[in-house]
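Chemist: Show me the folded form of this:
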Amino acid sequence: MALQLVAPAPENEAALIAACIRGEASAQRTLFKREYPRVFKTVARLMGSNRDVDDIVQETFVSMFRALGSFRAEAKLSTWIDRIAVRAVFHHLRAKKRTVSLDAVGELEDGAAGVEDKAHAREGLRRLYAVLAALTPDARAAYALYAIDGRTIPEVAALTGTTKIAAKLRIWRARREVYQRAESDPILADLVRAGKVER
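Modeler: Just a heads-up that it's a prediction; the model follows:
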């Protein structure tokens, strides 16, 4: 029986954080691998475009590792990292000030049975993100976090650095805009009716 050499994992999150702050590459890889899927998913759903997602995810982790020494455990580490990701998206959207098109958000298409259904779902998503791109970055992020990513109102408020009331208002305004556009857009209406953008 061959022995497998496995690097010892830190016993808990505090030990992992401390190892990362000390610059231990194995701990940094462990934290990156653990957090990457969620951060990528969050950024992709906020952006609606794979074109810039990788850059924003990379910026998130660079910022996170630089600021890790200031983490005070007042919130969960994952929530703290998600806040950094949301700020990176805000910064990107404000810097670009342009419409971001949808390249792919695969999870929302998984239920489509055939090629035509998938094309229809993709077009619905493209139209949804066109509506969201016209919103303010704050409203877009609140709605995407709530309706697409499935976060709760308190989570949206925490991630966007606002109150629950402000988060609800932003979501409501964005939803109203999506529904108004859906009234005259049957493809977007199909997406909304199918429950793909609301929990």
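Chemist: So which residue is dead centre in this structure?
Modeler: Centroid check for the chain by C-alpha atoms, centre = their mean gives residue 42 as the closest residue, at 1.5 Å.
Chemist: does that one sit in a helix or strand, and which one?
Modeler: Element membership for residue 42 (DSSP states H and E) is helix 25-47.
Chemist: ditto for residue 174
Modeler: Here residue 174 sits within helix 164-183, counting by DSSP H and E.
Chemist: List the buried residues in that helix.
Modeler: Neighbour-count burial for helix 164-183, with 16 or more other C-beta atoms under 10 Å as criterion, is recorded at 167-168, 170-171, 173-175, 177-178, 181-182. Where C-beta positions appear, they are placed from N, C-alpha and C, glycine not excepted.
Chemist: coming back round to it: show the subsequent helix or strand relative to the helix holding residue 42.
Modeler: Following the chain from helix 25-47 toward its C-terminal end, the next helix or strand by DSSP H and E is helix 50-67.
Chemist: follow-up on the earlier one: from the contact counts, what lies against the helix holding residue 42?
Modeler: helix 13-21, helix 50-67, helix 77-96 (3 or more C-beta pairs under 8 Å, 6 or more residues apart in numbering; DSSP states H and E).
Chemist: so who does residue 60 touch?
Modeler: 39, 43, 81, 84-85, 88 (C-beta atoms under 8 Å, 6 or more residues apart in numbering).
Chemist: Recalculate using a threshold of 6 Å.
Modeler: Residue 60 makes contact with 39, 84-85, 88, according to C-beta atoms under 6 Å, 6 or more residues apart in numbering.
Chemist: Next: residue 41.
Modeler: Contact partners of residue 41, counting by C-beta under 6 Å, 6+ apart, are absent.
Chemist: Would you check the contacts of residue 60 and say which has the weakest pLDDT?
Modeler: When it comes to pLDDT, residue 88 is the least confident member of the contacts of residue 60, at 88.
Chemist: roughly how far apart are it and residue 55?
Modeler: With distances taken as C-beta to C-beta, to the nearest Å, residue 88 is found 9 Å from residue 55.
Chemist: Those two: which has the busier surroundings?
Modeler: Comparing residue 88 with residue 55 by neighbour count (other C-beta atoms under 10 Å), the higher total belongs to residue 88, at 23 against 13.
Chemist: ok, back up a step: the residue nearest to the centre of the chain touches residue 86, doesn't it?
Modeler: No - counting by C-beta atoms under 6 Å, residue 42 stays clear of residue 86, with 7.5 Å between them.
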